[in-house]
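Visitor: here you go, sequence then predicted model.
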Amino acid sequence: MTGSWKFILRFFGACSVVMAIILASATAYAEAPQPIPSQPSSTTVLLPGGCGIVGDVNYDGVVDYYDLRELVDHWHSSTVSDRSKYDLVPNGRVAVASAMKLLLNIGVKCPFDPLGVQMFNEYKTPDGRGKAIHGNLHWARIYLFSWKNMEPTDGASPDWGWYDYLVQQAQQDGLRIIATIQGNPNWAATTACGPIDMVPLSRYSDFIIKLVKRYGGHGGPDTMPGLTSPIKYWELGNEPDWDRVEGAPGACFGGNVNAATNPNTDAYEYADMLKTLYPAIKNVDPTAQVVFGSIAYEPNPNFNIHFPDEVLQRLSTDPNVNTNNCYFDMIGFHQYDAYRSNWDSLNRPSTQGLLGKVNALKTVLSGYNYCANKPLLVTEMGLQIGESGQQDDPTQLEMQARHIARMYFEVYASGVPIAIWYALEDQSETYKYGLFPSGPKSDQARPAYFVIRNLTEFMKGYTFERQINLDPNIQSFMFAKSTDSSHKRIALWFDNGQRIKALSPPDAFNVTARIPSGFLPDWNGRIRLTKRAPESPNTYGLNYTPTVISSAGNPFVEFTLTSDPVIVEADILSQ
């Protein structure tokens, strides 16, 4: 079928969809008008979550059914002041022509970076949300919903007011939420972190259904008023592979907390929970993404390294595992540089760092047919830079800045759709991981924040192409310009397989890098090398007037490379 015929069929199919939604919406509004309520204004100047795609009226970065529904909803509302937002033609009115223009972009997505950030209490403030958005960190992983807090007694109903406010503020400021759900009430479970063992699992399912109906964007009467950017990622517990109740980081299904009364391991209980919750969530919102609660997956005494296998084995015995899509949509995991040696390939430079752990988890999944191709999410990655009460050490700050740049490129190379930096602000009483300190100095960004903000800007318009092998001690990844695939950028850094904090002092470890001309199709005898350079004593960013190295007459260019990533490209700007 030719492209023209495909377009014609798509267009007329879109027409029928528009008319169906218009008629359904007209009926709904005849029964119960629901204008979007006003929202408190933020004190911080924030960027919208979208990127200007025609039809992305809810600014969530993709043109889809929810945009069409919002446009049609406001078509019927006489209380919306910003009607021009929905007049896509424009012709002074919101009518069929606007809907048709939106439908022509159905499925188009913003080229957003997959990076996000773990947020705790700071997501409740305009300042905290503004830090994330201005850092180009559009995804926010949040421990937003706790069953024990929302239904503390048997029979209690959630008080939606506070949660509605938080979701409204996040969507207004352009954050896309990954909602982590955990915390059992004492009337439903023996422990707050483990299996539901005092009431049927259907009671937990009822609670989850309420959340998805409220915030998932299904369009029913239970939907939050004013919802324009639905929550689509529902994560079922943090680090469920923790094997004891004591010190649990969220969930604790890695052992058997009820061994005296239940012979099944808690991993089996987690699998049974997935089997109950997954179809319930999908029945409410088929587009919801159910995340197999993010696992640490480390051979650590506090974690059960066999947890994912045990869960998958249990799921694989279910006769409906195939029709229910393995009972989850994706699996989350955590990656910290301190444990990279557990997963690094011996065949450097291949499969190092994040890529090593991704490869290990894909190998686990490949053993279970119906689960083999599940996407992976990095829901925590970070680098500890000290302990609470200590002054920030300049060397540790430099290591954090280098590490976040390296992780940026490894995330793209690994193919994970979302990767979360831990965390926006320091949280622990003992350890510091944040891009910002906590407390009185929480407005003073650390260098890593500026690095990731500027790096995402610098790499806009480039897509990952492949890893290249220059040297066993060099990690190097090639990116191509979206509008001109002949123009490449190569990100590379020294990496001898050690943890980045072991490479101290930072520049004492280096290697000579050679870039052959064949890697750069638009090679003109000169290359442009972009690296970080101080902008002021306390902040770092990318140097936008980079070093230009001449290599006329030579088939390659040489320079000294440290653990700090640099970007190399043909110097087409000086032509």
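Guide: Good, I have the coordinates.
Visitor: contacts and neighbour counts: CA atoms only from here.
Guide: Fine.
Visitor: the helices in the protein, which residues?
Guide: Here the chain has its helices, by DSSP state H, at 3-31, 65-76, 96-103, 126-134, 147-150, 160-173, 201-215, 266-284, 307-316, 354-366, 394-414, 447-458.
Visitor: among the ones you listed, which is nearest Pro472?
Guide: Ranking these by proximity to Pro472 (C-alpha to C-alpha) places helix 354-366 first, at 15.0 Å.
Visitor: and the helices of the chain as JSON lines, adding mean neighbour count?
Guide: Output for the helices of the chain, formatted as JSON lines (neighbours: other C-alpha atoms under 10 Å):
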{"stretch": "helix 3-31", "mean neighbour count": "13"}
{"stretch": "helix 65-76", "mean neighbour count": "21"}
{"stretch": "helix 96-103", "mean neighbour count": "20"}
{"stretch": "helix 126-134", "mean neighbour count": "21"}
{"stretch": "helix 147-150", "mean neighbour count": "16"}
{"stretch": "helix 160-173", "mean neighbour count": "18"}
{"stretch": "helix 201-215", "mean neighbour count": "18"}
{"stretch": "helix 266-284", "mean neighbour count": "21"}
{"stretch": "helix 307-316", "mean neighbour count": "20"}
{"stretch": "helix 354-366", "mean neighbour count": "18"}
{"stretch": "helix 394-414", "mean neighbour count": "20"}
{"stretch": "helix 447-458", "mean neighbour count": "20"}
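Visitor: what's the closest of these to Arg466?
Guide: Of all the helices of the chain, helix 394-414 comes closest under C-alpha to C-alpha, at 7.1 Å.
Visitor: now do that closest one against helix 447-458, angle only.
Guide: 30 degrees (axes from the mean of the first three to the mean of the last three C-alpha atoms, to 10 degrees).
Visitor: tell me how far helix 394-414 lies from the chain's centre.
Guide: Computed by C-alpha atoms, centre = their mean, to the nearest Å, the chain-centroid distance of helix 394-414 equals 17 Å.
Visitor: from the contact counts, what lies against it?
Guide: helix 354-366, helix 447-458, strand 462-467 (3 or more C-alpha pairs under 8 Å, 6 or more residues apart in numbering; DSSP states H and E).
Visitor: from what I can see Asn302 touches Gly247, true?
Guide: No: with contacts counted by C-alpha atoms under 8 Å, Asn302 stays clear of Gly247, the gap being 9.3 Å.
Visitor: which one of these two has more residues nearby?
Guide: Asn302 (17 against 10; other C-alpha atoms under 10 Å).
Visitor: and the gap between the more buried one and Ala248?
Guide: 9 Å (C-alpha to C-alpha, to the nearest Å).
Visitor: do Glu558 as well
Guide: 50 Å.
Visitor: who has more neighbours, these two?
Guide: Each of Glu558 and Ala248 has its neighbours counted (other C-alpha under 10 Å); Ala248 has more, 19 against 14.
Visitor: which residues touch that one?
Guide: 193, 242 (C-alpha atoms under 8 Å, 6 or more residues apart in numbering).
Visitor: if I look at it, what pLDDT would I see?
Guide: Note for Ala248: predicted pLDDT of 91.
Visitor: same check on Gly183?
Guide: At Gly183, pLDDT is 97.
Visitor: quick one, domains of the protein?
Guide: Following automatic domain parsing, one finds the domains of the chain at 3-32+50-103, 115-458, 465-574.
Visitor: mind putting these into JSON lines with distance to Lys109?
Guide: JSON lines is the format used below for those (distance: least, C-alpha to C-alpha, whole Å):
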{"stretch": "domain 3-32+50-103", "distance to Lys109": "4"}
{"stretch": "domain 115-458", "distance to Lys109": "13"}
{"stretch": "domain 465-574", "distance to Lys109": "14"}
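Visitor: for those domains, which has the smallest mean pLDDT value?
Guide: Looking at the domains of the chain, the bottom one is domain 3-32+50-103 with a mean of 62.
Visitor: by contact count, what packs against the biggest strand by length in the chain?
Guide: The longest strand of the chain (DSSP state E) is strand 484-494. When contacts are defined as 3+ C-alpha pairs under 8 Å, 6+ apart, strand 484-494 packs onto strand 474-481, strand 566-570.
Visitor: tabulate these (a markdown table), appending distance to Asn496 and mean neighbour count.
Guide: Shown next, in a markdown table, are the helices and strands packed on strand 484-494 (distance: least, C-alpha to C-alpha, whole Å; neighbours: other C-alpha atoms under 10 Å):
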| stretch | distance to Asn496 | mean neighbour count |
| --- | --- | --- |
| strand 474-481 | 7 | 23 |
| strand 566-570 | 16 | 23 |
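Visitor: right, I'll leave it there.
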